[in-house]
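**Student:** attaching a predicted model along with its sequence, questions to come.
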Amino acid sequence: MATPDNLIDATTPRGDTTYVLVHGAWHGGWCWNAVARILRAHGHQVFTPTLSGLGERSHLLSKAIDLGVFIQDVVNVLEYEDLTGVVLVGHSFGGLPITGAADRVPQRIRQLVFLDAVVLEHGQTAFSRLAPGIVAQRIGQSNESSGGLSIPVPPASAFGVFEAAQVALLERNCTPHPLKTFDDPIALNGPVGGTIPKVYIQCVDPVYEPLQASRDFVHAQKDWAWDEIKTGHDAMISAPEALAAKLLGYAS
């Protein structure tokens, strides 16, 4: 496990930083609004793409949406906006599309941030990182609610969110997640993140138990940095100021 000096040196002049913030399952770009406002107030450029079939793009939900589509969603933002020197952040399931994007266009990324995220190696699936009981439950819920199209939204408490206004935000905006993306193997040409500096931020209050296998993987690596934030799984909702402060540490 790397020490925090593996991260971008916040004292090094680099000019404005570009952040691309990728949401997790059931969410959308909307979940980053509070964090994005803080980062922009500090003069940085921020993109918060919504993955296909979710959020304001939920009308596109179909069984054709797999992990490759999610990866292409992120790659397209990097390429069509011609972004370089990016701090690429993936929350929860968003760890997978940022891993795929880093594998395809590493030259555009200077820092990978896995925020309480799923981490997979080549050929693995999101379901392969979850306990069999959770996998069976999610498949059963999907079959019952949508004929295997999507996984219904869990309660806000599952994301470590309990404050009334924040719960209402999730209940209003979260949408069912494409089932196929959980059972689609990730295709990588090299190790996770390659040589790009990588940090994993664990949300520790409360701990989101389904991610333990991903955390165990990260702890076994020598080239990852580790950080923690004292809030629940949806840190961008429950603790946007604290999360933004950490992300600003990776800027100039």
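**Tutor:** Arrived safely, thanks for sending. For clarity, every value in this text was computed on a predicted model and none was experimentally measured. Numbers count the residues shown, from 1 in each chain.

**Student:** could you pull out the strands for this structure?
**Tutor:** Taking DSSP state E, the strands of the chain run over residues 18-22, 45-47, 86-91, 109-115, 150-151, 177-178, 198-203, 224-229.

**Student:** ok, residue 228 touching residue 200?
**Tutor:** No: with contact defined as Cβ atoms under 8 Å, residue 228 does not reach residue 200; the gap is 9.3 Å. C-betas here are computed from N, CA, C, even on glycine.

**Student:** those two: who's more crowded?
**Tutor:** residue 200 (25 against 13; other Cβ atoms under 10 Å).

**Student:** from residue 128, how far off is that one?
**Tutor:** Using Cβ to Cβ, to the nearest Å, one gets 19 Å for the distance from residue 200 to residue 128.

**Student:** ok, now residue 172?
**Tutor:** Residue 172 sits 32 Å away from residue 128, going by Cβ to Cβ.

**Student:** more neighbours, those two?
**Tutor:** Using other Cβ under 10 Å, the more surrounded residue of residue 172 and residue 128 is residue 128, with 15 against 8.

**Student:** for the nearest residue to the more buried one once chain neighbours are set aside, give me its contacts.
**Tutor:** Leaving aside its chain neighbours, residue 128 sits nearest to residue 120 (7.6 Å; criterion: Cβ to Cβ, 6 or more residues apart in numbering). Neighbouring residues of residue 120 by Cβ atoms under 8 Å, 6 or more residues apart in numbering: 95-96, 99, 126, 128-129, 186, 192, 214.

**Student:** kindly indicate which of those lies nearest residue 140.
**Tutor:** Using Cβ to Cβ, residue 126 comes nearest to residue 140 of those, at 16.4 Å.

**Student:** show me what contacts that closest one?
**Tutor:** Residues counted as contacts of residue 126 (Cβ under 8 Å, 6+ apart) are 67, 93, 96, 118, 120, 181-183.

**Student:** who wins for neighbours among those residues?
**Tutor:** Per-residue neighbour counts (other Cβ under 10 Å) across the contacts of residue 126 peak at residue 96, which has 29 neighbours.

**Student:** any idea how far residue 231 is from that one?
**Tutor:** Distance of residue 96 to residue 231, computed by Cβ to Cβ: 22 Å.

**Student:** circling back to that earlier point, switch the contacts of residue 126 over to CSV; also include distance to residue 34 and pLDDT.
**Tutor:** Output for these, formatted as CSV (distance: Cβ to Cβ, whole Å; pLDDT from 0 to 100):
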residue, distance to residue 34, pLDDT
67, 28, 98
93, 20, 98
96, 24, 98
118, 23, 97
120, 28, 97
181, 26, 98
182, 27, 97
183, 32, 96
